[in-house]
Structures are given as structure tokens and as C-alpha cells.
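S.K.: Turn this into a model:
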Amino acid sequence: MDIYGSLNAIGYGLSAIGGAIGVGLVFAAYINGVARQPEAQRVLQPIAFLGLALTEALAILGLVFAFIWGRV
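M.R.: The predicted model follows:
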């Protein structure tokens, strides 16, 4: 039995799932923090957006690596 293909799609899928879980955790913590202390919303919101940006950057990096290593 011959199997053809690449594991790049699986690798990117795993990195996308990781990014989705990370974004969910970041905003769950943000909502929890704002629900407990509404006056801290101005402090927590930039931190939440920074966490979102870093988490999504890792998912995009996984996509880039999938394309780069797919050509090798």
C-alpha cells in the first residue's frame, strides 16, 4: 500500500487548532477579569489584544512553515 501526500496540512491544522484554543483562553481570561473588576477594563483590553495578536502570529507562522517545508 502506497501513501502519497504531505504532513504539512496536518501540521498547519494542528497549529490552527492551537491558535484557536489560545485565542479562546485569552478572551476567556479577559471576560473573567472584566466581570470581576469592571474598572480594570481599560488595563486588561490592550493586554487581551496583544495576546490575540501573538497567538494569531504563531498560527500564521505555522502556515508559513507548512508552505516552506512543503517545497523541500
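
S.K.: so Leu58 makes contact with Ala16?
M.R.: No: if you go by CB atoms under 8 Å, Leu58 and Ala16 don't touch, sitting 10.0 Å apart. (Each C-beta comes from the backbone N, C-alpha and C, glycine too.)

S.K.: These two: which has the busier surroundings?
M.R.: Remark: of Leu58 and Ala16, Ala16 carries more neighbours, 15 against 12, as counted by other CB atoms under 10 Å.

S.K.: I'd assumed Leu61 was in contact with the more buried one.
M.R.: No: using CB under 8 Å, Ala16 makes no contact with Leu61, being 11.3 Å away.

S.K.: buried set for stretch 51-67?
M.R.: The neighbour-count check on stretch 51-67 (16 or more other CB atoms under 10 Å) flags Gly51, Leu52, Thr55, Ala59, Gly62, Ala66 as buried.

S.K.: so how far is it from its chain's centroid?
M.R.: Centre-to-centre, stretch 51-67 and its host chain are 7 Å apart (CA atoms, centre = their mean, to the nearest Å).

S.K.: send the alpha carbons of that stretch over as PDB?
M.R.: Output of stretch 51-67 as PDB, limited to C-alpha atoms (Å, rounded to 0.1, in the frame of the first residue of the first chain):
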ATOM      1  CA  GLY A  51      -2.300  38.200  23.500                       C
ATOM      2  CA  LEU A  52      -4.600  37.800  20.500                       C
ATOM      3  CA  ALA A  53      -2.000  39.200  18.100                       C
ATOM      4  CA  LEU A  54       0.800  37.000  19.400                       C
ATOM      5  CA  THR A  55      -1.400  33.900  19.300                       C
ATOM      6  CA  GLU A  56      -2.600  34.500  15.700                       C
ATOM      7  CA  ALA A  57       1.000  35.300  14.700                       C
ATOM      8  CA  LEU A  58       2.000  31.800  15.800                       C
ATOM      9  CA  ALA A  59      -0.800  30.300  13.700                       C
ATOM     10  CA  ILE A  60       0.300  32.300  10.700                       C
ATOM     11  CA  LEU A  61       3.900  31.200  11.300                       C
ATOM     12  CA  GLY A  62       2.700  27.700  11.200                       C
ATOM     13  CA  LEU A  63       1.100  28.300   7.800                       C
ATOM     14  CA  VAL A  64       4.300  29.800   6.500                       C
ATOM     15  CA  PHE A  65       6.400  26.900   7.700                       C
ATOM     16  CA  ALA A  66       3.900  24.500   6.100                       C
ATOM     17  CA  PHE A  67       4.500  26.200   2.700                       C
END
